[in-house]
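*Asks:* Let me see the structure of the following:
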Amino acid sequence: MQFQIKHNDKSSNARSGVIITDHGKIHTPVFMPVGTAGTVKAIHNKDLLEQVKAEIILGNTYHLYLRPGLEILKKAGGIHKFNAWDKPILTDSGGYQVYSLAHRRKMNEDGVVFQSHIDGSRHMFSPEGVMDIQRIIGGDIIMAFDECTPYPCEYNYAESSMHLTHRWLKRCCEHFDNSEGHYGYNQTLFPIVQGSVYKDLRKQSAEFVASCNREGNAIGGLSVGEPADIMYEMTELVCSFLPKDKPRYLMGVGTPVNILESIAHGIDMFDCVMPTRNARNGMIFTSEGILNMRNKKWEDDFSAIDSAGYTFADTMYSKGYLRHLFISNEILASIIATMHNLGFYIWLVDQAREQIKNGTFSSWKNKMVGKLSKRL
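*Replies:* This next block holds a predicted model:
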């Protein structure tokens, strides 16, 4: 994997660039739609490519490991052939799902024993095992196995967890470097910075991750309930210690405002289920603010969903029609809303990239932040 920085903003730490993988280029800053079980919910690959213009999607190691399972994925020739997506794919490590299954798992130095949410069967994730699993799934970028701490958590727990994540990271790197992919293309391992909301731990973790000298780095354990200003503070701190010449991935973030503020601190890559999950519940993100499509005020509004026109869905369908679909529980409501929200998120990072190139990012960002959180 290669990373080339194209432009730096003069009044912030924002930058634009390009990541080059064997499955294609990724222009940064980038938003990566989440395809938990090998599919981005409620949207076809064709529309992801042609309408949303996604350059990379995510797959979830925990879910793909359980279903369809590694045997099927290996027989298929890896995730790209299985789900017919011939562009880059990033797979997470399963660590966040293990974190969210606190009542179903036991953790020790070796790894985590957990129960499947599907049938209650018991499984083991270790650093080495997660590397092997992601080798078989076949993501272009794969994540180190880590423990994601909750918010709030005590300092002693955060410190102990961080050191465990670092010991696991050493094992991940060693096993990854001594193994090979299955499908004839290169895979890249990203370590993950932890440390909860404690500055000294975040600094220590960022320095340790940087010393591992991988092709890219991630920041985990944020957007788990902490106030936004603390998230930005931790992000800015960590970015000051991570290498400037490598992509930085802020995991699981977030709202449109979160993304713009984090770009200003030097983040290059984002993912979040918010645009797709909220779309299915009738929440629409637009360039002027947020719409609740179940609100009666849109019943006779026949204007476009968003005049900026990110995809054909935005100009083809009106607010009134989309509200009708939601009130009628039509499946098409989720499809249109998903296409719109993903199109908006990717339009937003595309605009950020252009503003960085033109030297106007900070003023544009401040103007957009003032609009994006408004409830219309």
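
*Asks:* C-alpha only now, for contacts and for neighbours.
*Replies:* Noted.

*Asks:* Can you show me the strands along the stretch 251-376 of the chain?
*Replies:* Applying DSSP state E, counting those that start in this stretch to the stretch 251-376 of the chain gives strands spanning 269-271, 283-286, 289-292.

*Asks:* Tell me which residues are up against the shortest one.
*Replies:* Where contact means Cα atoms under 8 Å, 6 or more residues apart in numbering, the residues beyond strand 269-271 that reach it are 28-34, 58, 247-254, 259.

*Asks:* try it again with 10 Å
*Replies:* The contact list for strand 269-271 (Cα atoms under 10 Å, 6 or more residues apart in numbering) reads 26-34, 57-58, 218, 247-254, 258-259, 262-263, 349.

*Asks:* Quick one, grab the pLDDT at Y99.
*Replies:* On the pLDDT scale, Y99 is placed at 68.

*Asks:* Check G94 too.
*Replies:* Confidence score, pLDDT, at G94: 84.

*Asks:* ok, it to N217 distance?
*Replies:* Distance from G94 to N217, counting by Cα to Cα, to the nearest Å: 17 Å.

*Asks:* coming back round to it: ok, which of the strands of the stretch 251-376 of the chain comes nearest H80?
*Replies:* strand 269-271 (18.8 Å; Cα to Cα).

*Asks:* distance between the closest one and the chain's centre?
*Replies:* 4 Å (Cα atoms, centre = their mean, to the nearest Å).

*Asks:* What's the mean pLDDT across that strand?
*Replies:* In the prediction, strand 269-271 has an average pLDDT of 98.

*Asks:* Show the subsequent helix or strand relative to the helix or strand that contains K46.
*Replies:* With elements taken from DSSP states H and E, the one containing K46 is helix 45-47. Next along the chain after helix 45-47, taking DSSP H and E as the criterion, comes strand 57-59.

*Asks:* Direction included, what does that following strand pair against?
*Replies:* When pairing is defined by DSSP bridges, strand 57-59 lines up against strand 34-35 (parallel), strand 89-91 (parallel).

*Asks:* Tabulate the ones you listed (a markdown table), appending mean neighbour count.
*Replies:* Formatted as a markdown table, the strands paired with strand 57-59 follow (neighbours: other Cα atoms under 10 Å):
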| stretch | mean neighbour count |
| --- | --- |
| strand 34-35 | 22 |
| strand 89-91 | 25 |
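
*Asks:* out of those strands, nearest to A42?
*Replies:* Nearest of those (Cα to Cα): strand 34-35, 10.2 Å.

*Asks:* ok, what's across the strand from V34?
*Replies:* Applying DSSP bridges, one finds that V34 bridges with L58.

*Asks:* show me what contacts it?
*Replies:* 40-41, 56-60, 89-91, 252, 271-277.

*Asks:* do the same with T338
*Replies:* Contacts of T338 (Cα under 10 Å, 6+ apart): 40-43, 52, 275-284, 313, 332, 344.

*Asks:* Of the residues you listed, which belong to helices?
*Replies:* Using DSSP state H, the subset of the contacts of T338 located in helices is 275-280, 313, 332, 344.

*Asks:* Flag whichever of those scores worst on pLDDT.
*Replies:* On pLDDT alone, A313 ranks lowest of those, at 91.

*Asks:* contacting residues around that residue?
*Replies:* Counted by Cα under 10 Å, 6+ apart, A313 has contacts 51, 304-306, 322, 335-340, 343.

*Asks:* Which stretches in the stretch 101-250 of the chain count as strands?
*Replies:* Under DSSP E, counting those that start in this stretch, the stretch 101-250 of the chain gives strands at 105-108, 111-115, 122-125, 141-143, 188-190, 192-193, 217-219, 248-250.

*Asks:* In TSV: the ones you listed, plus distance to S179 and mean neighbour count.
*Replies:* As requested, these are exported to TSV (distance: least, Cα to Cα, whole Å; neighbours: other Cα atoms under 10 Å):
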stretch	distance to S179	mean neighbour count
strand 105-108	24	14
strand 111-115	19	19
strand 122-125	17	15
strand 141-143	13	24
strand 188-190	12	22
strand 192-193	20	29
strand 217-219	20	26
strand 248-250	24	25
